[in-house]
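[1] got a predicted structure here, sequence first:
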Amino acid sequence: MKTIHQCQTLGLKNATIVICFFFSGLVFGATTDKQLVDENFKATILLHKEFVSIPNLPANPEMMMKNIYWAQNQYSELGFQTSLLTTDSLPLLLAEKQFNPDYKTILFYFHIDGQPVNEHAWEQENPFIPELKEKDSDGNWTRIDWQKLNETINDEWRIFGRAAADDKAPITMFLTALKILKMKGEEPKFNVKVIFDPEEEYGSSGLKSTLNQYKERYQADYFIVMDGPAHSSNKPTVTFGCRGIVAANITTFGAKLPQHSGHYGNYSPNPVFSLANILASMKDSNGRVLIKDYYQGVELSAETLKLLNAVPFDANEINTALGIHAAEKVGTNYQESLQYPSLNVRQIGTSWTGEGLKTVIPEYATAHLDVRLVPETKASEQLEKIKKHIEEQGYYVIDSDPTDAQRKQYPKIVKFNGSQGTNAFRTDPDSDFGTKVRASIAKGFNEEPVVIRMMGGTVPIVPVINILGIPTVIIPMVNMDNSQHNPNENIRIGNIKQGIHTSLSLLMYEF
């Protein structure tokens, strides 16, 4: 039997690694994906290290373009057609490849930018010089030499650096999976489009600005967003939706200027107390919102409750980690609580913001709210319910500071302003696409994935999902405790390996 000699480079600039395979039909057939992932894992980690070493803050367009060109080169080497799409800010990268005109097409989404950094808060000299670390006997993360990769690689090691997890790890995982398929001489079971967003952490304004112009370029049968942390168990996870968000401000008023608390205490009304009364009227002691029809439309069937209860959950563990005595009673467990719209007071402020305290009665008090939305509740509708509730407490509600005439006419005045907001999305886990995604991962891992019906947070590209109107799921693959957006962001080595297998499971499934 003829022996085939195949070499594959993993495309490292500073440490190019060429991996050669000598195989016959029998030998190749016996080579498993696990073996190939393990054999190429050092190269994968070094590829990730190289990528994380490129600073990716949109405030520096030149460096952002280096990130974009890095990804473009990687996909060009795999035979993908790549395009830089003009936006009103940084260009988007679209990579696409048709493997069979009869196949379905899946659009994958990654973001290539990172959150700002405060270097002084990091436990390393430079957040953009990734460090390999292991936990010592005291539970502290200590740096180890990259040469340790030549030994047995420990799944519990971590790579620390900005964007190491969010979102450069998933980019590396999926890219490696594509390269392994190419090494095997195989192709995905569907046509692939990949979009790289350079400003997700800043609202994805560039991507949103292209939806009319490039909507046809983005069209696909299905949409997979590869971002966010997996379930805390680190088991393969599929998330079928995310909550939306809308913000609002409630301001109450006292005298036109701050007043001396000695001269005017007991005479001039303090707006903080009226604000406190409004807020107290909105929730009961169990955390349930009392605003009329706030949860309207949210109905959890027996099947849905079964799905939610199947997600691993330990109330004592999470309450201990949070440092709380007990959870609010909006849902019977964590997953159930995420199926309802929330009402959160994120900050309260009055007029004095300098150092120290003053013995004054403030002229105003403002509560800054955010509302997490579910598909049954729309941003504009929830804001209107809040506004109506305030009116029912006897307040004259306006959207600007009161005039002297209004102050004289109305005893209780509130200024209420809301944002435009982002609505939620959710794909039915039992839909055709949902069933196939779950089946692909179950086949790859010989176990069912953790199914999250709705994640609590909001991704900026929800408007993109809603405008494209195609079934969408989120495949989160990084470790939950990755400190994304914070100092000392990190990715667990074992999650990189598992993410490659997750990507292979998807790529080899016929959708």
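    Received, thanks.

[2] looking at the chain, which helix or strand does the model trust least?
    The helix or strand of the chain with the lowest confidence, counting by mean pLDDT, DSSP states H and E, is helix 25-30 at a mean of 35.

[3] next structured bit after it?
    The first helix or strand that comes after helix 25-30 along the chain, using DSSP states H and E, is helix 33-39.

[4] pLDDT on that following helix, on average?
    Per-region confidence: helix 33-39 scores 94 on mean pLDDT.

[5] only alpha carbons, please: show it as PDB.
    Presented in PDB, the C-alpha positions along helix 33-39 are these (Å, rounded to 0.1, in the frame of the first residue of the first chain):
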ATOM      1  CA  ASP A  33      -9.100  13.200  16.400                       C
ATOM      2  CA  LYS A  34      -7.900  12.900  20.000                       C
ATOM      3  CA  GLN A  35      -4.500  11.800  18.900                       C
ATOM      4  CA  LEU A  36      -4.200  14.600  16.400                       C
ATOM      5  CA  VAL A  37      -5.300  17.200  18.900                       C
ATOM      6  CA  ASP A  38      -2.800  15.800  21.400                       C
ATOM      7  CA  GLU A  39       0.000  15.600  18.900                       C
END
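
[6] any idea which helix or strand comes after that helix?
    Following helix 33-39 toward the C-terminus (DSSP H and E): helix 41-52.

[7] can you give me the strands in the stretch 101-250 of the chain?
    Residue ranges of the strands in the stretch 101-250 of the chain, as given by DSSP state E, counting those that start in this stretch, are 105-111, 131-135, 141-144, 158-160, 191-197, 222-225, 237-239, 241-242, 244-253.

[8] Asn482: which of those is closest?
    If you check each of these against Asn482 by CB to CB, strand 158-160 wins as the nearest, at 8.6 Å. Every C-beta, even on glycine, is put in place using the N, C-alpha and C of the backbone.

[9] ok, back up a step: same list (the strands of the stretch 101-250 of the chain) but as CSV, adding distance to Glu77, mean pLDDT and mean neighbour count.
    Putting the strands of the stretch 101-250 of the chain into CSV (distance: least, CB to CB, whole Å; pLDDT from 0 to 100; neighbours: other CB atoms under 10 Å) gives the following:
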stretch, distance to Glu77, mean pLDDT, mean neighbour count
strand 105-111, 17, 98, 23
strand 131-135, 26, 97, 18
strand 141-144, 31, 97, 14
strand 158-160, 23, 98, 25
strand 191-197, 14, 98, 24
strand 222-225, 22, 98, 23
strand 237-239, 30, 97, 25
strand 241-242, 33, 96, 26
strand 244-253, 38, 97, 22
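
[10] quick one: which of those is nearest Pro312?
    Of all the strands of the stretch 101-250 of the chain, it is strand 237-239 that lies closest to Pro312, at 10.5 Å by CB to CB.

[11] what's the closest one in contact with?
    228, 230-231, 429, 434, 437-438, 441, 449-452, 454-455, 473-477 (CB atoms under 8 Å, 6 or more residues apart in numbering).

[12] then stretch 267-284?
    Outside stretch 267-284, the residues that reach it (CB under 8 Å, 6+ apart) are 250-255, 259, 289-291, 343, 345, 348, 350, 361-367, 386, 389-390, 393, 395, 412, 414.

[13] hey, where'd the helices end up in the stretch 201-350 of the chain?
    In the stretch 201-350 of the chain, helices defined by DSSP state H, counting those that start in this stretch lie at 205-209, 211-218, 261-264, 271-280, 302-309, 315-322, 334-337, listed in chain order.

[14] which of these sits closest to Asp404?
    Between Asp404 and these, the tightest spacing by CB to CB is seen for helix 271-280, at 16.6 Å.

[15] can you check the pLDDT for the residue nearest to Pro429 when sequence neighbours are not counted?
    Spatial nearest neighbour of Pro429, excluding adjacent residues (CB to CB, 6 or more residues apart in numbering): Phe240 at 5.0 Å. pLDDT, the model's per-residue confidence, is 97 for Phe240.

[16] over to Pro463?
    Pro463 is assigned a predicted lDDT (pLDDT) of 87.

[17] looking at it, it is touching Ala424, isn't it?
    No: look at Pro463 against Ala424 with CB atoms under 8 Å: they stay out of range, at 11.3 Å.

[18] any shared contact partners between the two?
    Once CB under 8 Å, 6+ apart is applied, it turns out that Pro463 and Ala424 contact no residue in common.

[19] so for the two, which residue has more residues nearby?
    More neighbours sit around Ala424 than around the other of Pro463 and Ala424, counting by other CB atoms under 10 Å; the figures are 24 against 16.

[20] from Met226, how far off is the more buried one?
    19 Å (CB to CB, to the nearest Å).

[21] ok, Glu391 next?
    Taken as CB to CB, the span from Glu391 to Met226 is 44 Å.

[22] those two: which has the busier surroundings?
    More crowded of Glu391 and Met226, by other CB under 10 Å: Met226, with 25 against 13.

[23] show me what contacts that one?
    Under the criterion of CB under 8 Å, 6+ apart, the contact list for Met226 reads Phe108, Tyr109, Phe110, Asp167, Pro170, Ile171, Met173, Phe174, Ile474, Ile475, Pro476, Met477.
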